[in-house]
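A.B. asks: Sequence first, predicted model second:
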Amino acid sequence: MVSAQGREAGSDAPTLDAERAYRVMLLPGDGVGPEIVAAAKQVVAAVGARFGFAVTYEQGLLGGCAIDAIGKPMEDGLVERCRACDAVLLGAVGGPRWDTTDPHKPRPEQGLLDMRKHLELFANLRPVKCFASLAGNSSLKPEVIAGTDIMVVRELTGGVYFGKRERRADSAYDTMAYSEAEVERLVEYAFQVAGGRRKLVHSVDKANVLESSRLWRAVATRVAEAYPDVELRHMLVDNTAMQLIREPRQFDVIATENLFGDILSDEAAMLTGSIGMLPSASIGAGGVSLYEPIHGSAPDIAGQGVVNPCATILSAALMLDLSLGESAAARAVESAVETALEQGARTADIAGPGEPALGSAEMTARIVAALSRVGRAEPAGAGQEPR
Ligand code: IPM
Ligand code: MG
């Protein structure tokens, strides 16, 4: 399994070596997908040149673009091709063009769900970190969100997303089912992540109503016994939705089932001021993980060159860290994004009143420029050396 905390610096030789040639599957998808993926590629090329590694790409059809091309939301053989790569970088899927309430018509989202299932992407990591320079952008008061640093660990291959469902003549149902094993591996992963952070896990459920949540809670309690240095707190999902707005700093790691995690992570994203800033990593049990921004395909602004590329660029940073082992490069990308923001670079979604908004290409160029000023990887422990 990929380490969620793989932050140990490797050897960071600035010259290109064959071992550090990586292959990534690009799935640009729909709407703004192709634009943000192109931006991330540019940043990866720049950081690769600086840190001495190279990434080459394959490309695949997933989502509405696949429906248009071949009549189904995922091209044949795509899962196998993904498995043969070091990682998968996804833009976004979906759009009103393919929206339908007809259960017999193909949906772009089904391609993504199938990909999650087949690659066994069981844990979705959604870091929610407030950039200091964007504190004024949140709809919450800056003093409430300052210092917020949450990792949502969302179960991604079970629950109501994959349970038995049926549409009947005048009714329909979905089922939320979990096995102990599914809950266990997610909660264990969350505890491991928390161990490298502030050592607090909120396990979020609806155990006052749902049987699957009572199983979830029992398993979480049992798993916690193996992690005596990490505190476990149970919290009901409705209360969590409220507490995230009331006092977000109380959270470190949130471990929760698929649908709750979908909803809570969109809510948590707005703590940072814009969902356009938030990356995600979907960790594959089979070794290949997938990286994507948590915002969708934003069809209203697609093709206009104005989408915020930061979430995808930060997703690429997670990929460098967790799948490619290029942790120093990942940190360089993160700090380049931070620097560009500090220097006032803003796309429309994060520009304050009267602040000029950059297009996606200019924003990306500002991040690449900031990157070129970030020093090469320092030897391990350099930070501790006396001046
Ligand atoms: C997400 C998205 C997806 C989900 C959609 C596109 C199927 O909202 O990744 O959060 O619901 O999981
Ligand atoms: Mg979602």
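C.D. replies: Received it, and whenever you're ready, just let me know what you need. Ligands and ions are numbered 1, 2, ... in the order given.
A.B. asks: residue contacts, the residue lying closest to residue 117 once chain neighbours are set aside?
C.D. replies: Among residues not flanking residue 117 along the chain, residue 157 sits closest, at 5.7 Å (CB to CB, 6 or more residues apart in numbering). Just so you know, the C-beta spots here come from the backbone N, C-alpha and C atoms, and that holds for glycine as well. Each residue near residue 157 by CB atoms under 8 Å, 6 or more residues apart in numbering is listed here: 116, 117, 120, 121, 122, 182, 258.
A.B. asks: mind checking pLDDT for residue 18?
C.D. replies: With respect to pLDDT, residue 18 scores 72.
A.B. asks: Check the gap between it and ligand 1 for me.
C.D. replies: 35 Å (CB to the nearest ligand atom, to the nearest Å).
A.B. asks: got it, and residue 340?
C.D. replies: Taken as CB to the nearest ligand atom, the span from residue 340 to ligand 1 is 25 Å.
A.B. asks: Going forward, the N-terminal residue is numbered 41.
C.D. replies: Okay, using 41 as the starting number, the last item reads as residue 380.
A.B. asks: Which part of the stretch 191-340 of the chain gets nearest to ligand 1, residue-wise?
C.D. replies: residue 302 (4.5 Å; CB to the nearest ligand atom).
A.B. asks: Now the closest residue to ligand 1 within the stretch 41-190 of the chain. Nearest residue, chain neighbours left out?
C.D. replies: Residue nearest to ligand 1 within the stretch 41-190 of the chain: residue 149 (3.9 Å; CB to the nearest ligand atom). Closest residue to residue 149 apart from its sequence neighbours, by CB to CB, 6+ apart: residue 134 at 5.6 Å.
A.B. asks: Give the helix, strand or coil label for that neighbour.
C.D. replies: coil (DSSP: H, G, I helix; E, B strand; the rest coil).
A.B. asks: Tell me who's in contact with it.
C.D. replies: Contacts of residue 134 by CB under 8 Å, 6+ apart are 69, 70, 71, 103, 104, 147, 148, 149, 336, 337.
A.B. asks: likewise residue 172?
C.D. replies: 186, 382 are the contacts of residue 172 under CB under 8 Å, 6+ apart.
A.B. asks: Residues in contact with stretch 95-110: which ones?
C.D. replies: 61-70, 73, 81, 84-85, 88, 112-115, 118, 121-122, 125, 130, 132-135, 137-138, 146, 148-149, 151-152, 155, 337, 364.
A.B. asks: let's see it at 6 Å
C.D. replies: 62-67, 69-70, 84, 88, 113-115, 118, 133, 135, 138, 146, 148, 151 (CB atoms under 6 Å, 6 or more residues apart in numbering).
A.B. asks: in what helix or strand does the most centrally placed residue in the chain lie?
C.D. replies: Nearest to the mean C-alpha position of the chain, by CA atoms, centre = their mean, lies residue 320 at 0.5 Å. Using DSSP states H and E, residue 320 maps to strand 319-324.
A.B. asks: Give me the contact list for that strand.
C.D. replies: 42, 159-161, 163-166, 196, 329-334, 351, 354-355, 358, 362.
A.B. asks: May I ask you to confirm that residue 168 belongs to a helix?
C.D. replies: No - Residue 168 is assigned strand when assessed by three-state DSSP, not a helix.
A.B. asks: Give the bridge partners for it, please.
C.D. replies: Under the criterion DSSP bridges, residue 168 forms beta bridges with residue 190.
A.B. asks: Verify the contact between it and residue 191 for me.
C.D. replies: No - counting by CB atoms under 6 Å, residue 168 stays clear of residue 191, with 7.5 Å between them.
A.B. asks: circling back to that earlier point, using CSV, write out every CA atom in the helix or strand just after the strand holding residue 320.
C.D. replies: Counting by DSSP H and E, the next helix or strand C-terminal to strand 319-324 is strand 330-333. Output in CSV follows, covering the C-alpha atoms of strand 330-333 (Å, rounded to 0.1, in the frame of the first residue of the first chain):
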residue,chain,number,x,y,z
LEU,A,330,-5.7,8.2,-8.5
TYR,A,331,-5.4,11.9,-8.0
GLU,A,332,-8.1,14.5,-8.8
PRO,A,333,-9.3,17.9,-7.7
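A.B. asks: Can strand 330-333 be said to contact ligand 1?
C.D. replies: No - applying CB under 6 Å from any ligand atom, one finds strand 330-333 out of contact with ligand 1, separated by at least 7.1 Å.
A.B. asks: which helices and strands sit right next to that strand?
C.D. replies: strand 127-132, strand 319-324, helix 350-362 (3 or more CB pairs under 6 Å, 6 or more residues apart in numbering; DSSP states H and E).
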